[in-house]
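Undergrad: Based on what follows, work out the 3D shape:
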Amino acid sequence: MTTGLQLAILGGALVGVGIALLVWRLMPAHPELADVVRRYSAEGVKARAAARSTVPATGTPDRLGIWAMKRFPSSWWGKTPTQELALLRIPVHRHYGKKILYAITGLVIAPVLTYFLVVLGWSIPIFIPAAGSIGMAVVLFFMPDVDVRTDARHARAEFARALGAYTDLVALERLGGSGSRQAMELAAGVGDSWIFQRISEELARSRWSGLAPWDSLHALSEELGLPELDDLADIMRLSQEGTQVYSNLRARSSALRAAMLNEELAKANATGERMSMPMSLLGVVFMVILVAPSLLRVMGGS
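TA: Sure thing, here's the model as predicted:
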């Protein structure tokens with residue numbers, strides 16, 4: 001059972017943490033130069049504008065993330081998957097808010113489990129739930145990063161598959177006599193998936209801003225980490241110089257499909273190898289069962 005000394009230590013630790021947080025809050029801030037430059041750059045202004053525009057319709061993770069971004073330097077968050085978040089269209093402040101909520105959940109899990117075990121009659125030293133809380137908080141703090149990278153990997157694979165079809169559509173539009181911009185916009189308007197909508201939005205934005213569509217796609221590929229889209233932008237840029245754009249586009253779409261096919265074959269081979277291991281082990285066990293009686297008789301007779 002929990003002793004009075006353990007309760008006194010826990011109470012003193014909580015009071016000390018509260019005083020430390022109060023002193024930290026009242027002390028003047030010393031922001032990092034890199035963080036200040038990032039906040040006042042064009043990307044930082046754009047991120048803050050997006051955060052303010054989403055505040056009225058957001059929930060707890062959004063408000064918590066906006067609060068944390070204003071008070072904590074960027075180095076505290078580790079390596080933020082900015083390309084993955086942009087691909088999934090998840091605001092950075094929402095991602096930060098989810099990380100904080102996960103960390104708070106990790107801090108609570110160990111004390112709650114310890115309380116139930118103490119009620120059941122177990123005697124647990126106080127350092128075990130303290131270490132467990134810190135460990136769970138650290139692990140769960142980085143879990144949103146893992147989830148975002150996993151979802152972004154699936155989204156990139158889906159984007160590559162759709163980009164092959166989009167490249168074929170652009171080639172057909174060019175073969176029909178459409179100009180470069182018109183072919184790209186008409187091909188993007190054919191599909192209704194999020195990939196075609198994303199390309200269509202970027203092309204419309206380039207029209208209103210006066211940029212060339214291939215420059216806009218190049219910027220989008222850098223923002224989202226999609227090298228396949230950058231290759232398409234290079235082909236369309238070269239089409240302005242009189243090259244055979246139809247054959248280049250068809251060759252590029254064929255290369256995309258071949259790469260996806262090779263990747264699927266590699267996954268199938270890996271799955272087949274994993275499935276063959278239990279069968280091989282089962283065969284070895286079966287052989288041991290057959291040979292073991294004979295070996296025992298020979299050893300017994302000798």
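Undergrad: How about residues contacting the strand or helix carrying residue 206?
TA: Per DSSP states H and E: residue 206 is located in helix 194-209. Here helix 194-209 makes contact (C-beta atoms under 8 Å, 6 or more residues apart in numbering) with 158-159, 162-163, 166, 181, 184-185, 188-191, 212-213, 215-217, 220. Every C-beta, even on glycine, is put in place using the N, C-alpha and C of the backbone.
Undergrad: counting contacts, what elements does the helix or strand following it pack onto?
TA: With elements assigned by DSSP H and E, the helix or strand that comes after helix 194-209 is helix 213-224. On a contact count with 3 or more C-beta pairs under 8 Å, 6 or more residues apart in numbering; DSSP states H and E, helix 213-224 meets helix 82-88, helix 180-188, helix 194-209, helix 227-239.
Undergrad: Recalculate using a threshold of 6 Å.
TA: Using 3 or more C-beta pairs under 6 Å, 6 or more residues apart in numbering; DSSP states H and E, the elements in contact with helix 213-224 are helix 82-88, helix 194-209, helix 227-239.
Undergrad: With distance to residue 94, mean pLDDT and mean neighbour count added, can I get the ones you listed in TSV?
TA: Output for the helices and strands packed on helix 213-224, formatted as TSV (distance: least, C-beta to C-beta, whole Å; pLDDT from 0 to 100; neighbours: other C-beta atoms under 10 Å):
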stretch	distance to residue 94	mean pLDDT	mean neighbour count
helix 82-88	9	89	18
helix 194-209	18	89	16
helix 227-239	25	84	19
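Undergrad: Distance to residue 110 for these - can I get that in a markdown table?
TA: Converted to a markdown table, these look like this (distance: least, C-beta to C-beta, whole Å):
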| stretch | distance to residue 110 |
| --- | --- |
| helix 82-88 | 30 |
| helix 194-209 | 40 |
| helix 227-239 | 43 |
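Undergrad: what's the closest of those helices to residue 256?
TA: Nearest of these to residue 256, taken as C-beta to C-beta: helix 227-239 at 6.4 Å.
Undergrad: immediately after the closest one, which helix or strand?
TA: For helix 227-239, the following helix or strand on the C-terminal side (DSSP H and E) is helix 245-301.
Undergrad: how far off helix 180-188 does that next one point, in degrees?
TA: If you take axes from the mean of the first three to the mean of the last three C-alpha atoms, to 10 degrees, helix 245-301 sits at 50 degrees to helix 180-188.
Undergrad: Now do helix 245-301 and helix 227-239, the angle between them.
TA: 150 degrees.
Undergrad: and helix 245-301, what other elements does it pack with?
TA: helix 143-175.
Undergrad: Return the list of helices and strands in contact with the helix it packs on.
TA: helix 82-88, helix 92-119, helix 180-188, helix 227-239, helix 245-301.
Undergrad: so of those, which one's packed in deepest?
TA: Comparing these by mean neighbour count (mean count of other C-beta atoms under 10 Å), helix 180-188 ranks first with a mean of 20.
Undergrad: what does it contact?
TA: Here helix 180-188 makes contact (C-beta atoms under 6 Å, 6 or more residues apart in numbering) with 166, 169, 170, 173, 174, 196, 199, 200, 203, 213, 236, 239.
Undergrad: thinking again about what came up before, go through the helices and strands packed on helix 143-175 and find the least confident stretch.
TA: Here these differ in mean pLDDT, and the lowest is helix 245-301 at a mean of 76.
Undergrad: Just give me how far it sits from the chain centre.
TA: With C-alpha atoms, centre = their mean, to the nearest Å as the basis, helix 245-301 stands 30 Å off its chain's centre.
Undergrad: Ok, stretch 136-155 next?
TA: On C-alpha atoms, centre = their mean, the centre of stretch 136-155 falls 6 Å from the chain's centre.
Undergrad: Tell me the buried residues in it?
TA: Within stretch 136-155, the residues that count as buried by 16 or more other C-beta atoms under 10 Å are 136, 137, 140, 141, 144, 145, 147, 148, 152, 155.
Undergrad: tell me the phi and psi of residue 122?
TA: Per-residue torsions, residue 122: phi -80, psi 150 (degrees, to the nearest 10).
Undergrad: got it, and the one 4 residues further on?
TA: The phi and psi values for residue 126, taken as degrees, to the nearest 10, are phi -70, psi -20.
Undergrad: Quick check: closest non-adjacent residue to residue 227.
TA: residue 221 (6.5 Å; C-beta to C-beta, 6 or more residues apart in numbering).
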